[in-house]
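K.L.:
A predicted structure for the sequence below; I have some questions about it.
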Number of protein chains: 2
Amino acid sequence: MRRLTDTAAGRFLSPAAREALGYPAPGGWMPPLPPGVVRLSAGYPFPDSVPVADLEAATRSLLAEEGDLPLHYLGSRSMAALPGLLAARMAGRGMPVQGEELLVTSGACQAIDLAARALLGPDDLVAVEAPTYMEALEILRNYTSHAVSYPVDRQGLDVEAMAADLARRRAHGLPLPRVLYTVASFQNPTGTALTAERRRRLLELAADYDFLVLEDDAYGELAFGSPPPTLKSLDRDGRVVYVGSLSKVVAPGLRVGWLAGPGWLMKAAALFKKDLDHPLGWAVTAQYLNAVDLDRRVATLRQRYAERRDWLLAALERHMPDRVSWSRPEGGFFVWVTLPEGYDSQELLAPALACGVAYVPGRHFFLPSEAKAGARHLRLSFSYLPQGDLERGVALLAGCLDSWG
Amino acid sequence: MRRLTDTAAGRFLSPAAREALGYPAPGGWMPPLPPGVVRLSAGYPFPDSVPVADLEAATRSLLAEEGDLPLHYLGSRSMAALPGLLAARMAGRGMPVQGEELLVTSGACQAIDLAARALLGPDDLVAVEAPTYMEALEILRNYTSHAVSYPVDRQGLDVEAMAADLARRRAHGLPLPRVLYTVASFQNPTGTALTAERRRRLLELAADYDFLVLEDDAYGELAFGSPPPTLKSLDRDGRVVYVGSLSKVVAPGLRVGWLAGPGWLMKAAALFKKDLDHPLGWAVTAQYLNAVDLDRRVATLRQRYAERRDWLLAALERHMPDRVSWSRPEGGFFVWVTLPEGYDSQELLAPALACGVAYVPGRHFFLPSEAKAGARHLRLSFSYLPQGDLERGVALLAGCLDSWG
C-alpha cells in the first residue's frame, strides 16, 4: 500500500486549513532563544507572582470537601460557582452581567477566538489597532482576510483617525468594519491606555457606524494609578463584548478567561466551544477565589509591576542612545521602543540575540501588509525579569544598537 | 442610544454561527431531569473510579518539585513531558508516533473538532456510523452539511454496506467521503466492536477510495475480553487519525485527550487550537502518569465495568418484556436496546421520566435526516450507577414499557 506523503496529503486539507497554512506560523515572531539570553521579550507574569501555596491549599480543600466530583464531567459545586464569581468581579468593576451573558473560556485567546468565529464571516471587515496583540491578529485572520487598522498614539487608539476613515468609507460606499478589536487599557504592545474622552467617542462611533467592540481587558486591572473605566462599563447600547482573563492577576497556568457580552452572542460562541468545561481547573480556581482577597492581591501586583516598570524605564534612561524613545505605560506589562530612522528591529534581532538579549520586533504587531510600520519599533516587557536582568538586558541592547548604528 | 436587541443583533452573526444556530441546541438530547430519576442515561465513569487521592498526591509532589513553573505559560518539565507519556502509551498499544504526530487536546471532543476543522470544508462529504456518538454529529455539522451514514450491526460498522455505496458513488460520479468518523471499539451508543476482518477491509476501502479514518478510541482500552487492535495500529499507509482520551481511564475532569496522525494534519489542526496548552492540568496529569501503574489501573477498571455490564444485562433479562432486545457489549459503557415495532423511544421519554428513569432516545445518535431510524432504540449506560440503581432503573423502565405497550 502506498503511504500518504506530506505532499500527497495536502489534498485532504480543508480550504480553511490551506489558507491558515499560507500565513507565517503562529509564534514565529520569536526564534528559538540561545541559552542565557536576557528575555526582555517575555510577556509573562514574574515567577513568584503566582500563588503556588494558595492554589495548592485550594486544591486540597476542594478535594476534601467535594471528593471525586471535580474529577467528573459535572457535579462539582465549586466548578459550577466559577461563572458567578467571575460575573461578581465584573459587577464590582461596573460591568454587571447576567448568567447567560458570560462564557468561561480557556484563557483570553479562546474568548477572542470564539467571539471572532461567531461574528466574522469571510466577507466581513475587522478593525484592529496598529500596533496590536500579535496573537489576536493570528486568531482574526482565521475568519476573514479583510482587515483595516487604525493607529495608536500616546492616548491609545487614534479614534479621530478611525472616525475620518469611517466617514470616508460611508461616503464612498466602502465596507464598514463589523468588529473593532481593541486592548484599550495598557495595550499589548505599547502599554498605552485609551483616554476617557476617546472611550466615549469610540462608543459613539460604534453606535453611529453600527459596529461591535471586542474589548480585550487582560491588563485592565494592573493600573499603576487610577484604573481607567472599561469600555464595557461605559457601554449603554450593548455593543461591547468583553474579554477577561485571570492569567495576569492569578496565574496563566490555570487557563481561565472569559467572554462577556449579549446573550445572543454567548449562545452562538458556545456552539463552537468543543473543549467543553474544565471541571478540575475551574473548581480549583473557584475555591481559590473564594479563599483569597483578590482585590488585595491585585493592589499588591499593581505595586510590584509599577516598580518593575520603573526599573525598566530607569535602565532605558541610563543606557539608551539619545535618539531612541519609548512609551511610559501607566499599567500592564510592556514598553514600546522607537528606534532612530534607518533602524530595522527585525534585522537587529539576530545581532541582539548574539549580544545576549531578546525583544519582540515591532513588525509582528501589525497586519502583515503593514509590517513595515513596525520596523523602527520593538516591544520590551518589564513583567517577567528581575531588576538585575532588566538592567543588564537594556545595557546589552543599548550596546548592540550602538555597534549597529 | 438604542440598545441592541437580540433580534437586531442577529445581523452581526457570522454565516457559520447562523447556520449552527439553525440546528437543535447541543445537549438538547436530554431534557432537565426531575430529582431522583435513575440516570441510565449518564455515560460517565462511576463516582469512585476517579483517583482522587493519587491526583491530589500528584498535585502536591508537582508543586513541591517544580514550584511556580506549572502555573506559568511555559517552563514546567512535567507539562512538557505529557505528550511523550501519551505517545509512549500509544507505542505500548502498537501505535508508535513521533513527536510532531501528536497534539494534546482538551478531551476527545476538541480532538475531533480540530481534525474536522482541518479536514472538512463546506463542500466535503463526511461519513459516519448509524448510530454514532451524538456529540461527534454536533461537531461535524459545524464544518459540512454533507454527510452519509453506514449502518452498524453486531460486528460494528457494516463495512460491506459501505463498500457497496462507495462503488455505487464511484460508478455514478457521485461525491466520495473525505473522512469516515468511527468509534470502532465498544461504540457509543451500541457497545459493539468492529471485527478484525472488518477492520482490515475498512483500511483497504480507505486506500481504494482515498479517504481518511478518524478513529475515536475513547473506550478502546476498556475491553472485557481481549482488546481489539486499533485501526491505527493496523494502518500501513497513514490514513488513520487517532483520537485518544484519558477521560474514561483516568478522570474526565482533567480534560486530557489527544489527536495523533500525520504531521501535516497535526500542524494544520494546531493552527485552530486557541485555548493554548493547559500547564497545570497537563503537569498534574503527567506527574500522575509517572507515579501510577496505568496498565494495572486499566485492568481493574475492565473488571469493574465488566461487572457492571453483567449487572445491567441481568436486570434486562429479569425485567424486560419478551419483544425487547439489546446488545451484549464486550467493553465500554453502553447497551443499545431495541424496542418492539410501533414503539418510539422519543415519545416514551416523558412517561419514562415520570416513572423515574432516564435514558437517551435513539434518534439523537443518527443524522437529523435519518432520526427515524432511531425510533425503536434507546441507549442505556452501565458505567455510572451502582448495582441497585441499575436494577431499579431497568425495572422502572420495563414497567413503563408494559403500561405504554
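P.N.:
Here it is on my side, so go on.

K.L.:
let's see the strand or helix carrying A:Glu215 as PDB, backbone CA atoms only.
P.N.:
Here A:Glu215 sits within strand A:212-216, counting by DSSP states H and E. The C-alpha coordinates for strand A:212-216 follow below in PDB (Å, rounded to 0.1, in the frame of the first residue of the first chain):
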ATOM      1  CA  LEU A 212     -19.200  45.900  17.800                       C
ATOM      2  CA  VAL A 213     -16.200  46.500  20.100                       C
ATOM      3  CA  LEU A 214     -14.300  43.400  21.200                       C
ATOM      4  CA  GLU A 215     -12.500  44.700  24.300                       C
ATOM      5  CA  ASP A 216      -9.500  42.600  25.500                       C
END
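
K.L.:
the strands in the stretch 201-350 of chain A, which residues?
P.N.:
A:212-216, A:240-245, A:257-260, A:325-326, A:334-338 (DSSP state E, counting those that start in this stretch).

K.L.:
do you know which of those lies nearest B:Ser369?
P.N.:
strand A:257-260 (32.7 Å; CB to CB). Where you see a C-beta, it was placed from the backbone N, CA and C, and this is true even at glycine.

K.L.:
check the offset of that closest one from the chain's centre.
P.N.:
Relative to the chain's own centre, strand A:257-260 is displaced by 13 Å; criterion: CA atoms, centre = their mean, to the nearest Å.

K.L.:
rewinding a little: what are the pairing partners of the strand holding A:Glu215, and which direction each?
P.N.:
Using DSSP bridges, strand A:212-216 pairs in its sheet with strand A:179-182 (parallel), strand A:240-245 (parallel).

K.L.:
next one: it to chain centre, how far?
P.N.:
Its chain's C-alpha centre and that of strand A:212-216 lie 12 Å apart, by CA atoms, centre = their mean.

K.L.:
tell me the mean pLDDT over it?
P.N.:
Mean per-residue pLDDT for strand A:212-216: 98.

K.L.:
same check, this time on stretch A:248-266
P.N.:
If you average the pLDDT over stretch A:248-266, you get 96.

K.L.:
close to chain B, is it?
P.N.:
Yes: judged by CB under 8 Å from any CB of the partner chain, stretch A:248-266 and chain B are in contact via A:251-255, A:262-265.

K.L.:
A:Asp113 belongs to a helix?
P.N.:
Yes: the assignment for A:Asp113 is a helix, going by DSSP: H, G, I helix; E, B strand; the rest coil.

K.L.:
which non-adjacent residue is nearest it?
P.N.:
B:Lys274 (3.7 Å; CB to CB, 6 or more residues apart in numbering or on different chains).

K.L.:
if I look at that neighbour, how far off is A:Asp54?
P.N.:
28 Å (CB to CB, to the nearest Å).

K.L.:
quick revisit: could you report the neighbour count for the residue nearest to A:Asp113?
P.N.:
Residues within reach of B:Lys274, counting by other CB atoms under 10 Å in any protein chain shown, total 24.

K.L.:
look up the pLDDT of it for me, please.
P.N.:
pLDDT, read off for B:Lys274, is 96.

K.L.:
give me the residue from the stretch 301-405 of chain A nearest chain B.
P.N.:
Proximity of the stretch 301-405 of chain A to chain B (CB to the nearest CB) peaks at A:Tyr384, 9.3 Å away.

K.L.:
can you pull the contacts of that residue?
P.N.:
When contacts are counted by CB atoms under 8 Å, 6 or more residues apart in numbering or on different chains, A:Tyr384 touches A:39, A:42-47, A:333.

K.L.:
that one should be in a helix, yeah?
P.N.:
No: counting by three-state DSSP, A:Tyr384 is not part of a helix but coil.

K.L.:
for the closest residue to A:Thr338 other than its chain neighbours, grab the count of nearby residues.
P.N.:
In this structure, A:Thr338 finds its nearest non-sequential neighbour in A:Ser325, 4.8 Å apart by CB to CB, 6+ apart. Around A:Ser325 there are 14 other residues, counting by other CB under 10 Å.

K.L.:
if I look at A:Ser325, how far off is A:Arg170?
P.N.:
Using CB to CB, A:Ser325 is found at 36 Å from A:Arg170.
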